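Student: curious how this folds, go ahead:
(2 chains)
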Amino acid sequence: MIRYIFKRLLQMIPILIAVSIIVFFMVGLSPGDPAKIALGMNAKEETVAAFKAEYGLDQPLGMQYLNYMGGLLRGSLGKSYTTKQYVANMIAVRLMATVIIAFGSLILTYLIAIPLGVLLAVKQNSWFDNISRVLALMMSSMPSFWLGLLLILLFSVKLGLLPSNGFDTPAHWILPLCCSCFGSWGGSSRYIRNMVLETIRQDYIRMARAKGCPERVVLFRHALRNALMPLITSIGMNIGTFFGGSVILEQLFGINGMGKMTLDALRQKDVPTIMAGVLISTVLIAVGNLLADLCYGLVDPRIRSIYSHPRKRKLKKEVAVSGAN
Amino acid sequence: MKRTLAIISAFVIGLTLLAGCGQKAGAGEITVVLSEVGNNLDPSIANYTDTSSIMSHVYDNIINVDSKFELIAGAAASWEQPDSVTIELTMGEGFVFHNGEPMEIEDLEYALGRLENVPEMASTWGKIESLSSNGNVVTITLKEPDNSFLRGLSAIPVLDKSYCESAGEAYANTPIGTGPYKVAEYVPGERVVLQAWDEYPFEKAGIGKLTYKGISETAAKYMAVEAGDAQFSGISYSDYQRAQSNSAISTYEGPSTRTAFVCMNTSAAPFDNVNVRMAMALAYNKEGYMALSANNDFVIDSMFTPGTVYHNSSQYAINYDLDKARELLTAEGYDESNPLEFIVAGYSGDDPVMQAYQADLASIGVKVTLENYEFGTFLNLMMNQEYQMLTGSWSEVTGDPLSAAACYWTGSYGEMNIAFYDNPKCDELYETAKTSADEAEIIACCRELQDIAWQEVPLFPTYGRYADYAYDTALTGVDIHPSGIISFRAAKYSK
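Tutor: Below you'll find the model as predicted:
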């Protein structure tokens, strides 16, 4: 298993290099002079030239990229053109909020969607199932910025239960996380429902029931476990969505996260900040996908056995080969 | 069923308990919502209205401008201009920095001198030939006469020389000023907490703690005030109307310095032709389009700040007349067989006003394409003369008439004169306004420039905008400047 994790981490390096090249050159080749944007229209030519020299913007784009990557290897994310702050410091105050929103949304989504999906499968075609279908459609169709405003209006303005903005305490997390998860709850619960329904029609489930297994054990140990495999794939793909969606939440709830920082940097062609935002998001998404892949092993003993006993596996292979001979 | 009820009850109880963790401002503390809290508190670098608003409580500017854009005393008690290139600033008395050091003449001199090393402010420094001090008077000698220089000092705060030199770059985000508030906490991009300074030598601040937070979404800003999580915020016009029916909230509406305009690139066809430009102004229905705007706008007739002595409602101002616009275009050879076609560049997304203008132009046979660009690209097009027509807006925070006059001055190509308009008479008027020591002459020059502006129409002003604010009824004495600088120095909060 450790070998597998190490291998997957190594695979991230070419991905990061490819992402960095694409983003750096796309931003660099897009119109707009970052020096003039940072210094303002009134800046004199000599000031602009000095600024470019200071940040290496007077060099060819390829050389700028190499300089950036050189700095990155030395552990420096560079200095923002517009805020004149070290990008690492800017990230440090924002990373936690973004991680909480992205992974918190992911966890909260499936924490509610999985039992709900199982319940819907059990109550198939009941009034509860039919109402939930309509609700799921509604929940998936609601734009998150609109939903966020409704949540603020209800829980902050009308009921006075929760703070309307900020991210200082767990109380501040509730509305942004609910807003982020709301659309996914509907879709994911329907998805899980269908997976479970498909699984409970299998022969081994019928067998488990025939053996007299309690229904809870049948559902959660046998049916759900097998239904989780495609779900894990969808979780891996959803991680990027939760990261992307955090920009809207940050603007709505006044959260100091990386999404808005990167968006502002894009508007100002602030390359070091854009690069840092994109690369860190890439790493987090890749790590999230890795975690999802590792979950396959937790759910499926066959996969776990492949990675957790390399010597045993080698022995089995040798036995198989000698048997064939 | 019992289990379900128990889970729901636990969730509600948990929610209620967590709600207790939310922090509401107590007595003498308020939270102010801004669109953005900057990533740098250096007043020279982060020269944005929101940051300036915050830092106006920490620093004292060399001089100030009142709500009518008249110059009033700041850290400099008075000023004189013995000749056209000399300004003498007399330092005010009793100013003390937060570290207990009294403000010295060297600090005033340092605040001006350091601008040389701040790229964003270098254009101001470039005007200074030399600086000297004698007693409590700083003498600034300019390279050439420049009437906008003195007004520009209203954006320059006084810094503690010895602290800045010892703190280096760190001074920016751990500032020491002479204002009534000290920075207690700063999380870049998130919040700034200002604590009233007990040893402030002048009238002490009425509110103990000011917390500034950033929320970009306008409706969420208002809701923060409505929910009691914030006590003051700038709001949108639609929320302003809603706020007026809420007895727990006070509202304020006043004109801002925002000036919107339509500009044409006069250096290339088709807008190098004055009749075509005039036709464009005639086809713009200012009064008619106003209802389409989501903001509370008002029609303006000049790039100069309304209400100032420099403003001139010119007799040559062009009003909406589609028939006349069509006549002018026909006379210039544009008709159905040879339609005028051009692209309008913008950066603020779908604009219903420009869509209505497009429809009006289409009715007289003009084919207009509206293009939206990312802001950096838009700036690039503008500065490199690579556009035909554009829409934009700007704000003049100091009320300097020369900023508006520079819209027609060849010395400001790509900066203020984005129409790349070339008229020797306008250059002459600008130079006179810039260098004259006679206020009446300056006013006359500005007024004549506005007459020419409507006769030549390199750009035409469209709308000004009212700024709307919502605040807790217990909050009084807030000073809201048209430039958008909000001062709580004299404010009181009675909850």
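
Student: so which residues of the stretch 51-200 of chain B form helices?
Tutor: Along the stretch 51-200 of chain B, the stretches classed as helices by DSSP state H, counting those that start in this stretch are B:105-113, B:122-125, B:148-152, B:161-167.

Student: what of the stretch 251-400 of chain B?
Tutor: Under DSSP H, counting those that start in this stretch, the stretch 251-400 of chain B gives helices at B:274-282, B:286-289, B:322-331, B:352-363, B:375-383.

Student: who touches the shortest one?
Tutor: If you take Cβ atoms under 8 Å, 6 or more residues apart in numbering or on different chains as the criterion, helix B:286-289 is touched by B:299, B:320, B:352-353, B:356-357, B:462-463. Backbone N, C-alpha and C define where each C-beta goes, glycine included.

Student: 10 Å - rerun?
Tutor: Among residues not part of helix B:286-289, those counted as contacts by Cβ atoms under 10 Å, 6 or more residues apart in numbering or on different chains are B:297-301, B:318-320, B:351-357, B:360, B:460-463.

Student: out of the residues you listed, which are buried?
Tutor: Buried subset of the contacts of helix B:286-289 (neighbour count, 16 or more other Cβ atoms under 10 Å in any protein chain shown): B:297, B:300-301, B:318, B:320, B:351, B:353-354, B:356-357, B:360, B:460-463.

Student: out of these, flag the one nearest to chain A.
Tutor: B:D351 (17.8 Å; Cβ to the nearest Cβ).

Student: which residues touch the nearest residue to that closest one once chain neighbours are set aside?
Tutor: Residue nearest to B:D351 in three dimensions, not counting chain neighbours: B:T391, with 6.9 Å by Cβ to Cβ, 6 or more residues apart in numbering or on different chains. B:T391 sits next to B:260-263, B:344-348, B:351, B:353-354, B:357, B:370, B:462 when contact means Cβ under 10 Å, 6+ apart.

Student: in chain B, which strand has the most residues?
Tutor: Taking DSSP state E as the criterion, chain B has its longest strand at strand B:249-264.

Student: pLDDT (mean, whole number) over that strand?
Tutor: In this model, strand B:249-264 has an average pLDDT of 93.

Student: repeat for stretch B:103-111
Tutor: Throughout stretch B:103-111, pLDDT has a mean value of 89.

Student: quick one, what contacts B:S395?
Tutor: So B:S395 contacts B:49, B:256-259, B:305, B:403, B:465, B:482-484 (Cβ under 10 Å, 6+ apart).

Student: distance check, the closest residue to A:L95 other than its chain neighbours against chain B.
Tutor: Of all residues not flanking A:L95 in the chain, A:M258 sits nearest, at 6.4 Å (Cβ to Cβ, 6+ apart). Going from A:M258 to chain B by Cβ to the nearest Cβ, to the nearest Å gives 10 Å.

Student: just A:Y204 next, same as before
Tutor: Taken as Cβ to the nearest Cβ, the span from A:Y204 to chain B is 29 Å.

Student: pLDDT score for the closest residue to that residue other than its chain neighbours?
Tutor: Spatial nearest neighbour of A:Y204, excluding adjacent residues (Cβ to Cβ, 6+ apart): A:H222 at 6.8 Å. Each residue has a pLDDT score; the one for A:H222 is 83.

Student: middle-most residue in the chain, spatially?
Tutor: I went with chain A, as the question did not name one. A:I239 (2.7 Å; Cα atoms, centre = their mean).

Student: that's the wrong chain, I meant chain B
Tutor: Closest-to-mean residue, chain B, Cα atoms, centre = their mean: B:S395 / 4.1 Å.

Student: beta partners of that residue?
Tutor: Counting by DSSP bridges, B:S395 is bridged to B:R258.

Student: domain map for chain B?
Tutor: Using automatic domain parsing, the domain parsing of chain B gives B:3-207, B:258-465.

Student: rank those domains by pLDDT, which is bottom?
Tutor: Among the domains of chain B, domain B:3-207 scores lowest, with a mean of 82.

Student: residue of the stretch 301-450 of chain B closest to chain A, please.
Tutor: Chain A sits closest to B:G376 of the stretch 301-450 of chain B, with a gap of 2.8 Å, by Cβ to the nearest Cβ.

Student: surely that residue meets A:A35?
Tutor: No. Look at B:G376 against A:A35 with Cβ atoms under 10 Å: they stay out of range, at 11.0 Å.

Student: name the residues contacting each of these two.
Tutor: In contact with both B:G376 and A:A35: A:K269, using Cβ under 10 Å, 6+ apart.

Student: how many neighbouring residues does A:L263 have?
Tutor: 16 (other Cβ atoms under 10 Å in any protein chain shown).

Student: buried ones in the helix or strand hosting A:F103?
Tutor: Assigned by DSSP states H and E, A:F103 falls within helix A:95-122. Applying a neighbour-count criterion of 16+ other Cβ under 10 Å, one finds A:97-106, A:108-110, A:113-114, A:116-122 buried in helix A:95-122.

Student: centre of the chain to stretch A:4-13, how far?
Tutor: Distance, stretch centre to chain centre, for stretch A:4-13: 18 Å (Cα atoms, centre = their mean, to the nearest Å).

Student: if you could redo that for stretch B:354-370, that was the one I meant.
Tutor: Using Cα atoms, centre = their mean, the offset of stretch B:354-370 from its chain centre is 30 Å.

Student: among the helices of the stretch 51-200 of chain B, which is nearest B:C445?
Tutor: helix B:148-152 (13.1 Å; Cβ to Cβ).

Student: show me what the residue nearest to B:D351 bridges to in the sheet.
Tutor: B:V262.

Student: for B:S233, same thing?
Tutor: B:V33, B:A470.

Student: picking that back up, I'd like the domains of chain B as JSON lines, with distance to A:T82 appended.
Tutor: Listed next are the domains of chain B as JSON lines, based on distance: least, Cβ to Cβ, whole Å:
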{"stretch": "domain B:3-207", "distance to A:T82": "8"}
{"stretch": "domain B:258-465", "distance to A:T82": "11"}
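
Student: for the stretch 101-250 of chain B, which segments count as strands?
Tutor: Along the stretch 101-250 of chain B, counting by DSSP state E, counting those that start in this stretch, strands occupy B:128-134, B:137-142, B:181-187, B:191-196, B:209-214, B:232-235, B:249-264.

Student: what sits against the residue nearest to A:G288 when sequence neighbours are not counted?
Tutor: Distances taken as Cβ to Cβ, 6+ apart place A:I239 nearest to A:G288, at 3.8 Å, with adjacent residues excluded. The contact partners of A:I239, taken as Cβ under 10 Å, 6+ apart, are A:102-103, A:105-106, A:284-289, A:291-292.

Student: what about 8 Å?
Tutor: Per Cβ under 8 Å, 6+ apart, neighbours of A:I239: A:102, A:106, A:284-285, A:288-289, A:292.

Student: find me the pLDDT at it, would you?
Tutor: At A:I239, the model reports a pLDDT of 75.
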